[in-house]
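[1] no sequence for this one, just the structure:
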């Protein structure tokens, strides 16, 4: 039991350090790397075809679960309409490194 508790504590501490690191990465990142909804560094940037806004896939997918509209212009939007942006994702990954 003690070993399991210690392992769980270590995972929580590692997650907390990673969150701080994400905040620091976002502070020095170009604006185009920042999700406009959560103001966090994007991991998987996607373009919303109805508004042209670029957002993090995780963030916009969570939004679409409760509201199937583009939050920037209220046009109907589904997850399968999101356009992946591999070149921007590669630049963000380079910034993270």
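    It's in. Not measured: the values here are computed from a predicted model. Numbering: from 1, shown residues only.

[2] What segments of this protein are helices?
    2-27, 57-66, 86-96 (DSSP state H).

[3] Please work out the average pLDDT along the first one.
    Mean per-residue pLDDT for helix 2-27: 69.

[4] do the same with the shortest one
    Mean pLDDT, helix 57-66: 96.

[5] between the helices of the chain, which gets nearest to residue 39?
    Between residue 39 and these, the shortest separation by C-beta to C-beta is 7.3 Å, and it involves helix 2-27. The way it works is simple: take the backbone N, C-alpha and C, and place the C-beta from them, glycine included.

[6] how close does residue 94 get to residue 7?
    Going from residue 94 to residue 7 by C-beta to C-beta, to the nearest Å gives 33 Å.

[7] Let me know how buried residue 91 is, in neighbour terms.
    By other C-beta atoms under 10 Å, the residues close to residue 91 number 15.

[8] How about residue 92?
    The number of residues packed near residue 92 is 23, by other C-beta under 10 Å.

[9] And the residue nearest to it when sequence neighbours are not counted, what's its pLDDT?
    Spatial nearest neighbour of residue 92, excluding adjacent residues (C-beta to C-beta, 6 or more residues apart in numbering): residue 33 at 5.1 Å. Listed pLDDT for residue 33 reads 96.

[10] Is it correct that residue 33 is in contact with residue 42?
    Yes. Between residue 33 and residue 42 a contact is recorded at 6.0 Å, counting by C-beta atoms under 8 Å.

[11] still on that earlier bit, OK, contacts around the residue nearest to residue 92?
    If you count contacts by C-beta atoms under 8 Å, 6 or more residues apart in numbering, residue 33 has them with 26, 41-42, 45, 88, 91-92, 95.

[12] got JSON lines for these, with distance to residue 60 too?
    Below are those laid out as JSON lines (distance: C-beta to C-beta, whole Å):
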{"residue": "26", "distance to residue 60": "17"}
{"residue": "41", "distance to residue 60": "15"}
{"residue": "42", "distance to residue 60": "10"}
{"residue": "45", "distance to residue 60": "10"}
{"residue": "88", "distance to residue 60": "14"}
{"residue": "91", "distance to residue 60": "19"}
{"residue": "92", "distance to residue 60": "16"}
{"residue": "95", "distance to residue 60": "20"}
